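# Sequence and predicted structure are below.
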Amino acid sequence: MKTKSDFDQAFPVQVKLPVQWGEMDAFNHVNNTVYFKYFETARLAYFNQVGVMDGMQKEKVGPILAETSCQFRRALVFPDQIVAGGQVLEYHEFGFLMQYGIWSEQQQTITTLGTGRIVMVDYKTGKKVKPSEQLYTAIKKLQNR
């Protein structure tokens, strides 16, 4: 992924966010912990698009973030506008693997890539469960837009 077009093709869900002055650290770039908040924003926007949050309210079955990673390519600095994107890369027995990307408007490039392994959990029992066919269908429809 080198261009904004590549980014747009890869990430069906995107959220525009301003880089905030308070996200900077003593090294004059966005602190590494903030990127996980950007990923969270993209993840929740994705969940809203495919109905995960509705299912969680009705059936008390919802996602947990079981594992996450981040690859820093370029530092972000204030001021900037970013686009945080999310997509599903793989389906697993009890969930799926998401990928996140951060596009910098100022730098006109992808500055960050990350992943998050999502596991579906029945909040009544605390046990992991298989995602519903309805959820997988919504994800596949969104991914194949």
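Here it is on my side, so go on.

# Got phi/psi on residue 105?
The phi and psi values for residue 105, taken as degrees, to the nearest 10, are phi -70, psi -40.

# From residue 130, how far off is it?
From residue 105 across to residue 130, the span is 39 Å (CB to CB, to the nearest Å). For every residue, glycine as well, the C-beta is placed using N, CA and C.

# Ok, residue 71 next?
As judged by CB to CB, residue 71 and residue 130 stand 30 Å apart.

# can you give me the helices for the chain?
Across the chain, reading from the start of the chain, the helices by DSSP state H fall at 4-10, 32-50, 52-59, 133-143.

# Tell me which of the ones you listed is the most buried.
Greatest average neighbour count among the helices of the chain goes to helix 32-50 (a mean of 19), per mean count of other CB atoms under 10 Å.

# Show me what that helix is packed against.
strand 13-18, strand 61-72, strand 81-92, strand 95-104, strand 109-122, helix 133-143 (3 or more CB pairs under 8 Å, 6 or more residues apart in numbering; DSSP states H and E).
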